[in-house]
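K.L.:
Need the 3D shape of this:
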Amino acid sequence: MTGERPSKLRIWFAEVRAPFFTASLVPVVLGAAVAWESEGLFDPLLFALTLLGVVFAHAWTNVINDYFDYRSGTDPVNKNRTPFNGGSPFLVAGVLAPREVYWGAISFFGACAAIGLYLSYAATYWILPLGVAGVALGYFYTSPRLNLAAMGVGEFAVGFGFGPLVVEGAYMVQTGSFSLAALLAGLPVAFLIGLVLFINQFPDREADGSVGKNHWVVRMGLQKASFWYAGLMAATFATVVALWAAGIYPVWSLVALVPAAIALKAVKTVLDKYASFRELVPAQAMTVQVHLTVGLLISAGLIAAGLL
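P.N.:
Purely as a prediction, here's the structure:
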């Protein structure tokens, strides 16, 4: 880092990876859209608090995992950092102290917990076990106490946590009840956020493998992982069609198939450039874009069906 030192606000904005809070926005919007389409219910205050709580949980997850990755030695040895992967440059560069990052994470956890307690009072107490499950998945993703990523289940944990779990929670806040349809509605989002994590692990493979963080890209190797990326992307769009056929999505939600054109470009890039990490950056960006657009278009279809 050269030149003028950035402000603390800008440092923490980057540390929490605020531009990637779309991963929190999409499942909250989707859960609220399912509640609107099926029950005709929408409380804007409860929606806003749910979104804020999930964003705080997301920030907690990002920051506490940066802390664990730094302590494990993953981030300091990573030479393939891009805007989408590689952990916190601020810990490695000494801009933020480990203790500062740790207590920052605790602060985000506290804010998330406070909102969760309020929602359990204002909406339904079932929000508490869902919230505890989500926070635990975030903590144990790279915690030395369990380390889901090293066990090879980190992708599933992230997919479930930022997919069906949050979609169901957002639905329950609006309706006060459980819905299997809401849980299933989160499956395409689960696939896509899992793919965001999966492709970001390509450049991290060497560094992660050197410290025993044996996620699936480390286990399979880059070429085989590129085939899995393509297959899972196809499965995402097949799931959208299957959920429409099952009556969970209305026909309007099939507009979510439109971003398949972007997905195809991402797949082609991954299959061709899987070992060239700088050339993978456009595919990383397109994967984030597909996650955002598919999730919001499914939601738009549900909202339209609820209005008609």
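
K.L.:
Report the buried residues of the strand or helix carrying G169.
P.N.:
According to DSSP states H and E, G169 maps onto helix 166-175. By neighbour count on 16 or more other Cβ atoms under 10 Å, the buried set for helix 166-175 is 166-175. C-betas here are computed from N, CA, C, even on glycine.

K.L.:
next one: that helix to chain centre, how far?
P.N.:
On the basis of Cα atoms, centre = their mean, to the nearest Å, helix 166-175 sits 17 Å off its chain's mean C-alpha point.

K.L.:
next structured bit after it?
P.N.:
Moving toward the C-terminus from helix 166-175, the next helix or strand (DSSP H and E) is helix 180-185.

K.L.:
Next, the contact list for the nearest residue to G194 once chain neighbours are set aside, please.
P.N.:
Nearest residue to G194, sequence neighbours excluded (Cβ to Cβ, 6 or more residues apart in numbering): G159, at 3.6 Å. In this structure, G159 makes contact with 190-191, 193-194, 197, judged by Cβ atoms under 8 Å, 6 or more residues apart in numbering.

K.L.:
Turn these into a markdown table, including distance to A234.
P.N.:
What follows is the contacts of G159, written out as a markdown table (distance: Cβ to Cβ, whole Å):
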| residue | distance to A234 |
| --- | --- |
| A190 | 15 |
| F191 | 10 |
| I193 | 17 |
| G194 | 14 |
| L197 | 18 |
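
K.L.:
Kindly indicate the member of these with the most neighbours.
P.N.:
Most neighbours among the contacts of G159, by other Cβ atoms under 10 Å: I193, with 28 neighbours.

K.L.:
Check the gap between it and G161 for me.
P.N.:
Distance, I193 to G161, by Cβ to Cβ, to the nearest Å: 8 Å.

K.L.:
next one: R145
P.N.:
Counting by Cβ to Cβ - R145 and G161 are separated by 17 Å.

K.L.:
more neighbours, these two?
P.N.:
Ranked by neighbour count (other Cβ under 10 Å), R145 and G161 place G161 first, with 25 against 7.
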